[in-house]
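Q: any chance you can model this:
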Amino acid sequence: MGAESDLKYLKKSKLSLTIDSEKEARCIDASRALRISAIDKKIKELSYVSNRYESPLAGVSLRMPAVQGTVQRLKIFALLPVVIVLLAFLAMLVPVCYAACWLECRKDIRSLKKKKKSLLESMGEGDAVGIKTLEALWCEHGVGRDDATLDGRIRLIDEWIEILYGKDCSMNVDFPRVVERVQAENAGANRPYYDGVEGAPHFYFGCPVEQAVDQVSELLPLYR
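A: Residues are numbered from 1 along each chain as shown. Sure thing, here's the model as predicted:
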């Protein structure tokens, strides 16, 4: 079933779906679980300092340039002592820069662990959403692009729909396909601009996930 026909199905079913608040709590915990998973990934990456560390000697090449003429060669040899001193200075900076990078990574890891602990302690708790819509729930307890990948956020909303409205509704909505349709529409609207058409406007639509949430939420009933 295509995305447009899926949305038509929701219009027909809009008044027949009811939800309880326990399911809302499960959605909120699923959101926290995704954040925790992303934090664990960041902590693992930061555990390898080499992923962030950049040596002062990075990009330095000892290859002698190819020159012609005695004068040019003499100029290069005259600069060799300066180059050697500079390289020695950069070499001395290597352990200092590595230590500074290591300390920064440790600091970030401590901050992430503190954030993870807070999320774990808040599992099963939280303020209820005033307006019982998918859009309001996402605005209040959704996951931002800095906390999870696009695919991770799409899977989370797909899971939310299944929790709140049931598996059949989730399959009919097919949220990943709704996001794909939104992305295609956005790309189509900006195609003249990227094709170099003179005077063509460029539109900024924001995140396709939020757009898709808004569209689907309008067709889903309130939950309680």
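Q: packing partners of the helix or strand harbouring residue 94?
A: For residue 94, the host element (DSSP states H and E) is helix 70-121. Applying 3 or more C-beta pairs under 8 Å, 6 or more residues apart in numbering; DSSP states H and E, we find helix 70-121 packed against helix 21-47. Any C-beta I mention is one placed from the backbone N, CA and C, and that applies to glycine too.
Q: relative to helix 70-121, how tilted is the helix it packs on?
A: 150 degrees (axes from the mean of the first three to the mean of the last three C-alpha atoms, to 10 degrees).
Q: residues of helix 21-47 that come out buried?
A: Within helix 21-47, the residues that count as buried by 16 or more other C-beta atoms under 10 Å are 23-25, 27-32, 34-36, 38-39, 42-43, 46.
Q: cool, and stretch 166-173?
A: Quick answer for stretch 166-173 (16+ other C-beta under 10 Å): 169-170, 172-173.
Q: quick one: least confident helix or strand in this protein?
A: Least confident helix or strand, the chain: helix 3-13 with a mean of 48, by mean pLDDT, DSSP states H and E.
Q: where does the chain have low pLDDT?
A: Low-confidence segments of the chain (pLDDT under 70): 1-20, 51, 56-77, 79-80, 126, 224.
Q: which SSE is the residue nearest to residue 30 when sequence neighbours are not counted in?
A: Among residues not flanking residue 30 along the chain, residue 159 sits closest, at 5.7 Å (C-beta to C-beta, 6 or more residues apart in numbering). Element membership of residue 159, judged by DSSP H and E, is helix 150-165.
Q: using PDB, write out every CA atom in that helix.
A: Extracted in PDB, the C-alpha atoms of helix 150-165 (Å, rounded to 0.1, in the frame of the first residue of the first chain):
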ATOM      1  CA  LEU A 150      18.000   9.900  10.900                       C
ATOM      2  CA  ASP A 151      17.300   6.200  10.600                       C
ATOM      3  CA  GLY A 152      17.200   5.900  14.400                       C
ATOM      4  CA  ARG A 153      14.600   8.600  14.700                       C
ATOM      5  CA  ILE A 154      12.500   7.200  12.000                       C
ATOM      6  CA  ARG A 155      12.500   3.700  13.600                       C
ATOM      7  CA  LEU A 156      11.600   5.300  16.900                       C
ATOM      8  CA  ILE A 157       8.500   7.100  15.500                       C
ATOM      9  CA  ASP A 158       7.500   3.900  13.700                       C
ATOM     10  CA  GLU A 159       7.800   2.100  17.100                       C
ATOM     11  CA  TRP A 160       5.700   4.900  18.700                       C
ATOM     12  CA  ILE A 161       2.900   4.500  16.200                       C
ATOM     13  CA  GLU A 162       2.800   0.700  16.800                       C
ATOM     14  CA  ILE A 163       2.700   1.200  20.500                       C
ATOM     15  CA  LEU A 164       0.100   3.900  20.400                       C
ATOM     16  CA  TYR A 165      -2.200   2.700  17.600                       C
END
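Q: that's all I had, so thanks and see you.
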